[in-house]
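Engineer: Fold the stuff below for me.
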Amino acid sequence: MSGFVEKPEPIQVPGLVHLHTGKVRELYRNEAGDLVMVASDRISAYDWVLPTEIPDKGRVLTQLSLWWFEQLADLAPNHVLSTELPPGAPADWEGRALVCKSLRMVPVECVARGYLTGSGLAEYDESRTVCGLALPEGLVDGSELPAPIFTPATKAEVGEHDENVSYEEVARQVGAEAAAALRQATLAVYSRARDIARERGIVLADTKFEFGFDGDDLVLADEVLTPDSSRFWPADRWQPGRAQPSYDKQFVRDWLTSAESGWDRGSEQPPPPLPQQVVDATRAKYVEAYELLTGQSWS
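Structural biologist: Numbers count the residues shown, from 1 in each chain. Predicted coordinates:
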């Protein structure tokens with residue numbers, strides 16, 4: 001069992017139709033047929049959306065995505081139409097709501113990996129491959145790969161795992177031409193972002209993108225290159241052969257699996273609320289990532 005510990009009731013706004021409640025985002029459609037994405041302060045871990053929110057998290061994700069969209073504009077068009085609040089929307093949506101094009105979404109997560117860790121490491125340890133791609137011997141947790149690789153995954157419902165799939169499976173689902181375009185765009189965007197992050201003292205280990213089609217045009221959608229969708233490691237502490245410190249949910253995961261939480265991850269029981277010190281430390285990590293990458297102070 002997993003999913004929402006306490007599923008929120010969506011805010012009703014005149015002129016907007018609520019479409020979906022995700023792990024972090026609420027999705028609406030406006031009267032013009034555009035999508036309105038609102039990033040909440042919810043946080044998920046171990047397939048659970050936790051009962052405790054992280055203040056400012058939704059705004060950090062939104063503002064960091066907007067910054068990245070600007071850095072990547074010459075490589076991939078994006079879905080953002082406006083950052084103005086829809087009429088009648090609550091003031092709390094300021095800085096966390098985006099009006100976006102309605103796209104024909106690609107049904108796979110487009111994952112790029114430049115370093116070996118996570119599910120990729122688990123597969124490598126068994127077969128020396130990641131998503132069926134052969135890799136050289138001698139790699140360890142945190143090793144930089146010879147070149148970035150495209151390792152797509154299925155999109156899972158809230159409470160379910162994304163599952164890695166082969167490139168051939170993506171081609172079967174979306175067609176050979178679209179699969180090739182997705183791979184090319186994913187690796188191009190990752191490589192640009194990796195270089196930008198590296199200049200700012202951050203290793204971009206891996207990340208996932210979502211794309212959709214606007215007619216025949218491939219468009220970058222959803223969030224991009226945030227601590228929720230990416231593994232960011234401090235470059236000065238990168239050390240292959242061990243788990244790396246990261247700018248994400250590390251404090252949350254560590255606390256949930258500690259004796260202090262009293263939670264058994266293998267049980268059917270939902271995780272408990274987070275203590276204030278874990279909330280504060282997690283918020284600080286999200287803000288630190290934003291400030292290091294953008295060079296702007298969070299206020």
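Engineer: any idea how far Val219 is from Cys110?
Structural biologist: Counting by C-beta to C-beta, to the nearest Å, the separation of Cys110 from Val219 is 12 Å. The way it works is simple: take the backbone N, C-alpha and C, and place the C-beta from them, glycine included.
Engineer: same question, Val36
Structural biologist: 17 Å.
Engineer: quick one: which of these two has more around it?
Structural biologist: Val36 (25 against 22; other C-beta atoms under 10 Å).
Engineer: any idea which element the closest residue to Glu53 other than its chain neighbours lies in?
Structural biologist: By the measure of C-beta to C-beta, 6 or more residues apart in numbering, the closest residue to Glu53 outside its immediate chain neighbours is Asp41, 3.9 Å from it. Following DSSP states H and E, there is no helix or strand that holds Asp41.
Engineer: shared neighbours of Cys110 and Val219, anything?
Structural biologist: Phe211 (C-beta atoms under 8 Å, 6 or more residues apart in numbering).
Engineer: What are the boundaries of the helices in the stretch 1-150 of the chain?
Structural biologist: Assigned helices in the stretch 1-150 of the chain, in chain order: 57-71, 118-127 (criterion: DSSP state H, counting those that start in this stretch).
Engineer: Distance to Glu177, mean pLDDT and mean neighbour count added to those helices, as JSON lines?
Structural biologist: Putting those into JSON lines (distance: least, C-beta to C-beta, whole Å; pLDDT from 0 to 100; neighbours: other C-beta atoms under 10 Å) gives the following:
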{"stretch": "helix 57-71", "distance to Glu177": "25", "mean pLDDT": "98", "mean neighbour count": "21"}
{"stretch": "helix 118-127", "distance to Glu177": "26", "mean pLDDT": "92", "mean neighbour count": "16"}
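Engineer: Backbone dihedrals for the residue sitting nearest the centre point of the chain, please?
Structural biologist: Nearest residue to the geometric centre of the chain (C-alpha atoms, centre = their mean): Ser229, 1.6 Å. Dihedral angles of Ser229 (phi, psi; degrees, to the nearest 10) stand at phi -110, psi 0.
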